[in-house]
Each structure stands twice: as structure tokens, then as C-alpha cells.
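> Here is my input, please return the structure:
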Amino acid sequence: MSHTKIHHAFTKPVLPSWGVIDVVVEQLAKKAHPRLVPEVEVNRFKALWDAAHDEEGAPDAEPEDENFRGVLVEDSRPKAEVKPQAGGPVGDHAISAPPPVTQASGSEVERWVRVAAQAGNTEAMRHLGRCLEEQGSDQEAEHWYRTAAHAGDVLAMTDLGNLLVRNGDPIEGAEWHDRSR
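Down below sits the predicted model:
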């Protein structure tokens, strides 16, 4: 799956093409715990995307790439045969669509960064740590920095070192600074 295409879907101030959203929602639904029914989530997001497309008039919407979905789905298929599991309850665990980037509030951005961090994205872990540190939640920020640092994120190692030094642990802070080098 193209990281650049996915990155642009979440960072560009334009409505991503439906093909990108379709693939992202399908893959996230398959990885959600409890497992969600991909078709249900894709249909729900399609309605949201259509409403956003109509609302914006989509003058800046990314053009649809006819081959994009086929390439992404083919690249994301498991190499071994895997039997699909039954979908779990949707209820409180349903993923909701983020607002367009240009209208996202700080709390919405933080919510989506947290989703990505909980899914194992080390860059999101680091960004969540920074957000939490700015809010004064140093203990939770330290948790996310440590998690990303242990996964090899060099910038998170530096951020963790800085946080530890600031909070009175210069020895461990220096150790993390050394590791980041």
C-alpha cells in the first residue's frame, strides 16, 4: 500500500478520492478489535464521502485513479490463505469518519492520531506524545514516547529524553539522547 497516497488522504486540504477512502476503511475494519464488517463500514463511509463531495462541490477533490484500488488491494492481500472471521458487534466500536482536514478541530485531530498510535504507528505515537505533553499530561506523553522509542523511532527517543530531563531524571534522559544518536 502506498504510504504517500494514504498520508495525502489525511493531510491534504482536499477531499481524497473515493478509491483511497474505500481501501483505507476496508483495511482498518479488517484490523479493528473487535472485528468490524468491512462492507458495512465501507458503505457507511461512502455515504459520508458522498455528502462531503456534494457539500464541497469537490472542486479540489483528488482525481480517481482507476487502477489505484486494484493495486492497493492486491498489495495488501495476505500471502497465505486466511479464512475470514465473523464480524464483531459494531455498536460503540464503530469507526467514524474524520471531518475534512481544513475543518478538523484539535480534539478531532488528536482522536485520529490516537487511533493511529493505538494501531501501532510510531510516528503517530510520537505526535500524540507531543500533543499530550503540550496539554501537561506528561505521564501519558512519556508512555507514548517510550512505546515509539522502543519501536525504534529516533525522534521519540529525543523527545523522551527531553521530557525526562525536564521532569527531573537527567540520567535516563541522557541515556535516551545517547540512543537517539
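> Now do the longest helix seen in the chain: which elements does it pack against?
The longest helix of the chain (DSSP state H) is helix 38-56. The contact analysis (3 or more Cβ pairs under 8 Å, 6 or more residues apart in numbering; DSSP states H and E) places helix 38-56 against helix 18-31. To be clear about C-beta, it is placed using only N, CA and C from the backbone, and glycine gets the same treatment.
> quick check: angle from the helix it packs on to helix 38-56?
Here helix 18-31 runs at an angle of 150 degrees relative to helix 38-56 (axes from the mean of the first three to the mean of the last three Cα atoms, to 10 degrees).
> how close does the closest residue to Pro16 other than its chain neighbours sit to Ala116?
Once flanking residues are discounted, Pro16 sits nearest to Ala9: 3.9 Å by Cβ to Cβ, 6 or more residues apart in numbering. As judged by Cβ to Cβ, to the nearest Å, Ala9 and Ala116 stand 12 Å apart.
> returning to that earlier point: now do the contacts for the residue nearest to Pro16.
Residues near Ala9 by Cβ atoms under 8 Å, 6 or more residues apart in numbering: Pro16, Val20, Ile21, Val24.
> element containing it?
Secondary structure assignment for Ala9, by DSSP states H and E: helix 3-11.
> Buried residues, that helix. List them.
By neighbour count on 16 or more other Cβ atoms under 10 Å, the buried set for helix 3-11 is Lys5, Ile6, Ala9, Phe10.
> pLDDT for those - can I get that in a markdown table?
As requested, these are arranged in a markdown table below (pLDDT from 0 to 100):
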| residue | pLDDT |
| --- | --- |
| Lys5 | 72 |
| Ile6 | 72 |
| Ala9 | 72 |
| Phe10 | 72 |
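> how far away is Gly152 from Cys131?
Distance, Gly152 to Cys131, using Cβ to Cβ: 21 Å.
> out of the two, which sits in the more crowded spot?
Cys131 (18 against 10; other Cβ atoms under 10 Å).
> Would you mind giving the secondary structure of the residue lying closest to that one once chain neighbours are set aside?
Using Cβ to Cβ, 6+ apart and skipping the chain neighbours, the partner closest in space to Cys131 is Glu110 (5.4 Å). Of the three states, Glu110 takes helix under DSSP: H, G, I helix; E, B strand; the rest coil.
> Thought Leu128 was touching Glu110, still the case?
Yes: between Glu110 and Leu128 there is a contact at 7.2 Å, judged by Cβ atoms under 8 Å.
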